[in-house]
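> okay, here's the prediction I keep looking at, along with the sequence it came from:
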Amino acid sequence: AQTVTQSQPEMSVQEAETVTLSCTYDTSENNYYLFWYKQPPSRQMILVIRQEAYKQQNATENRFSVNFQKAAKSFSLKISDSQLGDTAMYFCAFMNNNAGNMLTFGGGTRLMVKP
Amino acid sequence: DGGITQSPKYLFRKEGQNVTLSCEQNLNHDAMYWYRQDPGQGLRLIYYSQIVNDFQKGDIAEGYSVSREKKESFPLTVTSAQKNPTAFYLCASSPGPTAYEQYFGPGTRLTVT
């Protein structure tokens, strides 16, 4: 079974600064996907970024980028130029594409962006 | 507009009653999923369905049941056998086995007293 660990329950960052959220996972699989989801106070889950394990290049989506270290089983999210609207819970998630595309989530990191 | 709808947003029930949560999608997605979220925690998979008339248990299926009679609908019944039913329930869908993003509905907050 896969496990996903987010070791930072809460973090804060000043507006316009950069913050990095950590995620580690444990799996014996070689083919998988990793995701970061954002859950604002509305509780709607929003996909932020996706990384395929077979790709060495780190995924980037505008101000969001990841540092994927496959050997270390680490998948951190960097948010650049933080905005007040980035305030939310952030969840790291793992998908084994040999197991019905089920997502396994970490416990989440609550990010507060301060003005 | 295409999307996933869950109704109602808030649901209240007395202990011992079964309750059914609705999830509908008009995205023509093959796969649908039900997750439970407890305060301050991540999501845990209850049930999932990859095609009509077929579904599988997730990590915490005990006390829950589902059906998938139509592609666009995947209702979740929380039975009286579920010991701690109060939680936030999220439904998601995905285009199919070769697509890996899951798209989430707005969720239903169930309170059982």
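Happy to help now that I have it.
> how about residue 61, what does it touch?
Because you didn't say which chain, this covers chain A. A:48-49 (CB atoms under 8 Å, 6 or more residues apart in numbering or on different chains). To be clear about C-beta, it is placed using only N, CA and C from the backbone, and glycine gets the same treatment.
> hmm, no, I was thinking of chain B.
B:46-47.
> which phi and psi does it have?
As for residue B:61, its main-chain torsions (degrees, to the nearest 10) stand at phi -80, psi -20.
> how about low-confidence regions in chain A?
For chain A, applying pLDDT under 70 flags the ranges A:99-100.
> swap the cut-off to 90 and go again
Counting by pLDDT under 90, chain A has low-confidence residues at A:1-2, A:28-31, A:56, A:96-102.
> show me what the residue most central in space within chain A is bridged to.
Residue closest to the average C-alpha location in chain A (CA atoms, centre = their mean): residue A:36, at 3.2 Å. Applying DSSP bridges to residue A:36 gives these bridge partners: residue A:49, residue A:92.
> contacting residues around it?
A:21, A:23, A:47-49, A:64, A:66, A:75, A:77, A:90-93.
> then residue B:63?
B:78-79, B:81-83, B:85.
> okay, those in CSV with distance to chain A, neighbour count and pLDDT next?
What follows is those, written out as CSV (distance: CB to the nearest CB, whole Å; neighbours: other CB atoms under 10 Å in any protein chain shown; pLDDT from 0 to 100):
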residue, distance to chain A, neighbour count, pLDDT
B:78, 18, 24, 95
B:79, 22, 15, 93
B:81, 23, 11, 87
B:82, 20, 22, 88
B:83, 21, 7, 88
B:85, 18, 21, 93
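> select from those residues every entry located in strands.
Those of these mapping onto strands are residue B:78, per DSSP state E.
> my read is that residue B:111 contacts residue B:14, right?
No: contact criterion CB atoms under 8 Å: residue B:111 and residue B:14 do not qualify, at 10.3 Å.
> find residues that contact each of these two.
Counting by CB under 8 Å, 6+ apart, residue B:111 and residue B:14 have no contacts in common.
> now do the contacts for residue B:29.
Here residue B:29 is in contact with B:71, B:93-96, B:103 (CB under 8 Å, 6+ apart).
> try it again at 6 Å.
B:93-95 (CB atoms under 6 Å, 6 or more residues apart in numbering or on different chains).
> do residue B:23 as well
B:6, B:74, B:91.
> circling back to that earlier point, how close does the residue nearest to the centre of chain A get to chain B?
Residue A:36 sits 12 Å away from chain B, taking CB to the nearest CB, to the nearest Å as the criterion.
> buried ones in stretch B:57-65, by neighbour count?
Under the neighbour-count criterion of 16 or more other CB atoms under 10 Å in any protein chain shown, stretch B:57-65 has B:58, B:61, B:64-65 buried.
> what's the neighbour count on residue 31?
Because you didn't say which chain, this covers chain A. 10 (other CB atoms under 10 Å in any protein chain shown).
> sorry, I should have been clearer: chain B.
21.
> got the phi and psi for the spatially closest residue to residue B:68 that is not a sequence neighbour?
Closest residue to residue B:68 apart from its sequence neighbours, by CB to CB, 6 or more residues apart in numbering or on different chains: residue B:49 at 4.2 Å. With angles defined as degrees, to the nearest 10, residue B:49 sits at phi -140, psi 130.
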